[in-house]
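> kindly return the folded structure for what I paste below:
(one chain, ligands or ions: 4)
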Amino acid sequence: MSSLNRELSTDSAFAAGRNSWNRHYHNSVVQPLLTDLYQITMAYAYWKSGKIDDHAVFDLFFRTNPFQGEFTIFAGLEECLKFLDSFHYSETDIEYLKHALPQGIEDEFFEYLSQLTAKDVTLYAIEEGSVAFPRVPLIKVAGPLIIVQLLETTLLTLVNYASLMATNAARYRMVAGKHIHLLEFGLRRAQGPDGGLSASKYSYIGGFDGTSNVLAGKLFNIPVKGTHAHAYITSFTGIDELKTRVLQHKEDGTTRDLLELAMEHRAAIASVLDVSTDESSEGELAAMVSFAIAFPDGFMALVDTYDVKRSGLLNFCAVALGLNDQGYRAIGIRIDSGDLAYLSCLARETFERIAERFKLPWFSKLTIVASNDINEDTILSLNEQGHKIDCFGIGTHLVTCQRQPALGCVYKMVEINNQPRIKLSQDVGKVTMPGSKNVFRLYGADGHALIDLLQRVDENPPEVGQKVLCRHPFQESKRAYVIPTQVEPLYRVYWAEGRVAQVLPSLEEVRERVQASLRTLRQDHKRTLNPTPYKVAVSDNLYNFIHELWLQNAPIGELS
Ligand SMILES: Nc1ncnc2c1ncn2[C@@H]1O[C@H](COP(=O)(O)OP(=O)(O)OP(=O)(O)O)[C@@H](O)[C@H]1O
Ligand SMILES: O=P(O)(O)OC[C@H]1O[C@H](OP(=O)(O)OP(=O)(O)O)[C@H](O)[C@@H]1O
Ligand SMILES: O=C(O)c1cccnc1
Ligand SMILES: [Mg+2]
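Numbers count the residues shown, from 1 in each chain. Ligands and ions are numbered 1, 2, ... in the order given. You can find the predicted model right below:
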């Protein structure tokens, strides 16, 4: 498929030159007012009640993996850091807040807000692009209560969709296998312009190869690719409409009439394809000839406008053979309706026949792109049936995450002024893990990740070869000893003392990280049907801490 890009993608030299500039791209929608009103009213009430110097720790985590899967890809971290870096209420923000907030708010509070930055915040996170699991905080934010509270909604909006999208894309990559090209075609169906841009970016991170979204290509240096729409084919009704028919030979410069060449080939190959030229559309032929003249090195045609077998394939092969006469190799076809398994096999068989007949081996390898409401299940089903598709163009299901439209990341206070906080719930799954914690990923003898272990920050980290007790956070009887062959501390400090504290990976590196991280997971955690849950445990110390705090905070009821 790489040849699909020859003509229809951004010039890579151009794109590479933008790299340094991309780094500084800042989404201007992401700003302190992109939050829920209650964060700012709480800020005022905290301020009014003298909590300016309180120090808090919040965890950002999700409770369930999306898409009935057993893993999630963490994404959105770089955007969170850019947000911290730029966090500042402008004069117009303050003016607006003076109107939007209830009357009677003291002027000193607005003065305080106008000086507020994230300089005293420390942010710990797991690496962007890593696999992550329920209840393990993806991000831990520590700092003055007011600012740390004010970050909640924006951090959540930056992480939730990004991680959902990257996970969705990674799942498509898993079912498609590593050799199939995956293109994101979803901008027109995405949840608005910003959703569309994020979809392109995070589907690339998750394992897609490119996007049709041109702005995403420019902003994030993602390969942009594409074919054409049915409108192009239907815009021609006959061969008389062709204004340009001449094509120069790629090497020797001699000119020939591409339409004539294509019509001769069409007559000659109709019997090879077992169809009649009378049934094929001349408007379609004209459209293909004109597209081939515009992109002789990147000829890719949509073949399903009228009838794939009787018209589209015949016309495509005729034009591709005409191009061949003039020294060019066509790229392939796109099929956008009908039975994609059957039609792709039919197309491949046709290409093979032509390849043999004309002694053009490359013809049998022409690219077959399929689109039309593709989702994970369609790909699985196509795999079962057998197909000859090289590339899927996927829009709606990918970008809208139709199978699960939200990842439920939450942001919960776990400590204030060195005192742990716990949020109780009738639903045990919603009880928070109190206190500032560390997380370690322990690997087993076969090299796969075995379990994520949460500990209190003052505990000694687990050690390779040393037995460590891992406990289910809420079920007393569920526990196991683990002797890790490798211990990976999951947190790094990403933001401290008012600046980004790590060299951040490029988008490409995050994309590679996703695949590397997925390889550490056992296959049974990744399978589509009934995957095995990955274990997330707490240390014995943290277990006891949680349960003591739980008892202290749970009121004793009275029966009457
Ligand atoms: N061999 C196949 N196995 C399973 N699903 C398929 C197969 N071929 C196509 N599909 C899927 O079946 C659905 C067909 O949808 P639909 O009936 O709306 O399309 P169509 O009638 O082929 O085309 P259109 O309405 O766009 O002309 C799509 O979601 C497509 O991805
Ligand atoms: O099917 P998706 O996964 O969303 O992929 C993108 C779709 O967008 C285009 O269709 P278009 O918008 O022209 O309309 P259509 O659905 O009628 O083909 C394209 O032909 C794909 O079918
Ligand atoms: O380039 C394409 O083929 C394309 C782009 C967006 C949507 N559907 C198809
Ligand atoms: Mg469609």
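> compute the first-to-last residue distance for stretch 405-414.
28 Å (Cα to Cα, to the nearest Å).
> buried set for that stretch?
Leu407, Cys409, Val410, Tyr411, Lys412, Met413, Val414 (16 or more other Cβ atoms under 10 Å). For glycine as for every other residue, the C-beta is placed from the backbone atoms N, C-alpha and C.
> which members of these are positioned in helices?
Per DSSP state H, helices hold no members of those.
> and the residue of the stretch 1-150 of the chain nearest ligand 1?
Phe67 (17.6 Å; Cβ to the nearest ligand atom).
> which ones are touching Gly50?
Contact analysis of Gly50 by Cβ atoms under 8 Å, 6 or more residues apart in numbering lists nothing.
> tell me the helix or strand right after the lengthiest helix in the chain.
In the chain, with assignment by DSSP H, the single longest helix is helix 152-176. For helix 152-176, the succeeding helix or strand toward the C-terminus, using DSSP states H and E, is strand 181-184.
> partner strands of that following strand, with direction?
Strand pairing for strand 181-184, determined by DSSP bridges: strand 210-211 (parallel), strand 391-394 (parallel).
> ok, the residue of the stretch 1-150 of the chain closest to ligand 1 - how many residues close by?
Look at Phe67: counted by other Cβ atoms under 10 Å, it has 17 neighbours.
> just confirm it contacts Pro405, I think it does.
No - Phe67 lies out of contact with Pro405 (Cβ atoms under 8 Å); the separation is 10.7 Å.
> residues touching the residue in the stretch 51-200 of the chain positioned nearest to ligand 2, list them.
Nearest residue of the stretch 51-200 of the chain to ligand 2, counting by Cβ to the nearest ligand atom: Phe185, 4.1 Å away. Applying Cβ under 8 Å, 6+ apart to Phe185 gives the contacts Thr211, Ser212, Gly226, Ser371, Gly393, Ile394, Gly395.
> out of those residues, who's nearest Asp427?
Of all those, Ile394 has the smallest distance to Asp427: 35.1 Å, by Cβ to Cβ.
> close to ligand 1, is the longest helix of the chain?
No - on the criterion Cβ under 6 Å from any ligand atom, helix 152-176 is out of touch with ligand 1, staying 12.9 Å away.
> distance from that helix to the middle of the chain?
Between the centre of helix 152-176 and the centre of its chain there are 5 Å (Cα atoms, centre = their mean, to the nearest Å).
> in that helix, what counts as buried?
152-176.
> what do you get for stretch 274-290?
Neighbour counts over stretch 274-290 (16+ other Cβ under 10 Å) mark 275, 277, 280-290 as buried.
> can you check stretch 548-560 too?
Leu549.
> for that stretch, output the C-alpha coordinates as PDB.
The C-alpha trace of stretch 548-560 is given here as PDB (Å, rounded to 0.1, in the frame of the first residue of the first chain):
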ATOM      1  CA  GLU A 548      -9.000   0.300  58.300                       C
ATOM      2  CA  LEU A 549      -9.900   3.600  56.700                       C
ATOM      3  CA  TRP A 550     -13.100   2.100  55.400                       C
ATOM      4  CA  LEU A 551     -14.200   0.900  58.800                       C
ATOM      5  CA  GLN A 552     -13.300   4.300  60.300                       C
ATOM      6  CA  ASN A 553     -15.400   6.100  57.700                       C
ATOM      7  CA  ALA A 554     -18.400   3.800  57.400                       C
ATOM      8  CA  PRO A 555     -21.100   4.800  59.800                       C
ATOM      9  CA  ILE A 556     -22.500   2.000  62.000                       C
ATOM     10  CA  GLY A 557     -26.100   1.600  61.200                       C
ATOM     11  CA  GLU A 558     -28.800   0.900  63.800                       C
ATOM     12  CA  LEU A 559     -31.500  -1.700  63.400                       C
ATOM     13  CA  SER A 560     -34.900  -1.100  64.800                       C
END
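> which residues of the stretch 251-400 of the chain lie near ligand 3?
Looking at ligand 3, the residues of the stretch 251-400 of the chain close enough under Cβ under 6 Å from any ligand atom are Arg334, Ser371, Gly393, Gly395.
> dump the residues you listed to a markdown table, plus secondary structure and distance to ligand 2.
Output for those, formatted as a markdown table (DSSP: H, G, I helix; E, B strand; the rest coil; distance: Cβ to the nearest ligand atom, whole Å):
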| residue | secondary structure | distance to ligand 2 |
| --- | --- | --- |
| Arg334 | strand | 8 |
| Ser371 | strand | 4 |
| Gly393 | strand | 6 |
| Gly395 | coil | 3 |
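> could you count how many residues lie near the residue lying closest to Phe474 once chain neighbours are set aside?
Leaving aside its sequence neighbours, Phe474 sits nearest to Val428 (Cβ to Cβ, 6 or more residues apart in numbering; 5.0 Å). Val428 sits with 11 neighbouring residues when counted by other Cβ under 10 Å.
> could you look up the SS state of whichever residue of the chain sits closest to ligand 3?
In the chain, the residue that lies nearest ligand 3 is Gly226 (2.8 Å; Cβ to the nearest ligand atom). The local conformation at Gly226, judged by DSSP: H, G, I helix; E, B strand; the rest coil, is coil.
> what's the distance between the residue of the stretch 1-150 of the chain closest to ligand 1 and Phe185?
20 Å (Cβ to Cβ, to the nearest Å).
> do you know how far the closest residue to ligand 2 within the stretch 451-560 of the chain is from Glu376?
The nearest approach of the stretch 451-560 of the chain to ligand 2 comes at Thr528, 18.9 Å away (Cβ to the nearest ligand atom). Distance, Thr528 to Glu376, using Cβ to Cβ: 7 Å.
> what about those two, which has more around it?
Glu376 (20 against 14).
> next, give phi and psi for that one.
phi -50, psi -40 (degrees, to the nearest 10).
> kindly report the same for Pro32.
Note on Pro32: backbone dihedrals following degrees, to the nearest 10 are phi -60, psi -30.
> could you pull up the residues touching it?
By Cβ under 8 Å, 6+ apart, the contact list for Pro32 reads Phe87, His88, Tyr89, Asp93, Leu150, Thr154.
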